[in-house]
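Enquirer: Sequence unavailable; structure follows:
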């Protein structure tokens, strides 16, 4: 089994990249994983929702998982212009980005799985990046069940994933084909986190309406409460990103291929 994972790494690592969103001071705001297929980059649909950044770096590495093999730096505007947006509002979990005219011709392409049977218990690998870890990694897992929801099919797999793995390819150990694209869209922890963020932001808006209405010993207690809510948001974000999951969800690559074909795009 170990030799299979080594084989997957050797065959696939060169096609997987980091997608880093940076502010004007080159500080990383968020990072995802993507992979090349044809003349396109596949990743998680979060790229459609990232704002307040100025630059995006797309970086591929050599076999050591660290040394850069190809790198492109784009403005957020230019990167966004390359995104082929969601095809169906009910089916989310992926985005497709054009690599046309970028310096990635030497980067090999991963093969998207053909219309083949996926079985529960099937061994898979995930190649991607992790929160605050610049090196590319490989992880093992198995398909634990198939989820049918919103006219789409998702693959649930047992295997540790963490923030930054979003957009990573789920790879068949035997064929090196991509079976799915990693995402947390159906993860309960993600939904709970999003709900908490929504509540805290709502609290801040309500508190801001009461700013300056009264003071206690020269201190506005509303400002203190607002600062407290913002600290909760920051702390929650750090904890959420650093916490791993023992299982993950990937959108089935068959669904992705069908939606892409319906849009008239030929991937490979």
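Expert: Yep, that arrived. This is a predicted model, so every value here is computed, not measured. Numbers count the residues shown, from 1 in each chain.

Enquirer: C-alpha only now, for contacts and for neighbours.
Expert: OK.

Enquirer: And the helices in the stretch 51-200 of the chain, which stretches?
Expert: 76-81, 188-209 (DSSP state H, counting those that start in this stretch).

Enquirer: who touches the residue most central in space within the chain in this structure?
Expert: For the chain, the residue nearest the mean C-alpha position is residue 166 (2.3 Å; C-alpha atoms, centre = their mean). The contact partners of residue 166, by C-alpha atoms under 8 Å, 6 or more residues apart in numbering, come to 32-33, 43-44, 181-184.

Enquirer: Tabulate the residues you listed in a markdown table, adding columns for distance to residue 233 and pLDDT.
Expert: Converted to a markdown table, the contacts of residue 166 look like this (distance: C-alpha to C-alpha, whole Å; pLDDT from 0 to 100):
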| residue | distance to residue 233 | pLDDT |
| --- | --- | --- |
| 32 | 21 | 91 |
| 33 | 24 | 95 |
| 43 | 26 | 94 |
| 44 | 23 | 89 |
| 181 | 28 | 93 |
| 182 | 25 | 91 |
| 183 | 22 | 81 |
| 184 | 19 | 58 |
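
Enquirer: Now do the contacts for residue 71.
Expert: 57-60, 103 are the contacts of residue 71 under C-alpha under 8 Å, 6+ apart.

Enquirer: Give me the below-cutoff pLDDT ranges for the stretch 151-268 of the chain.
Expert: Applying pLDDT under 70 to the stretch 151-268 of the chain flags residues 184-194, 216, 218, 235-247, 267-268.

Enquirer: Could you check how far residue 197 is from residue 11?
Expert: Residue 197 sits at a distance of 40 Å from residue 11 (criterion: C-alpha to C-alpha, to the nearest Å).

Enquirer: So those two - more neighbours on which side?
Expert: residue 197 (19 against 14; other C-alpha atoms under 10 Å).
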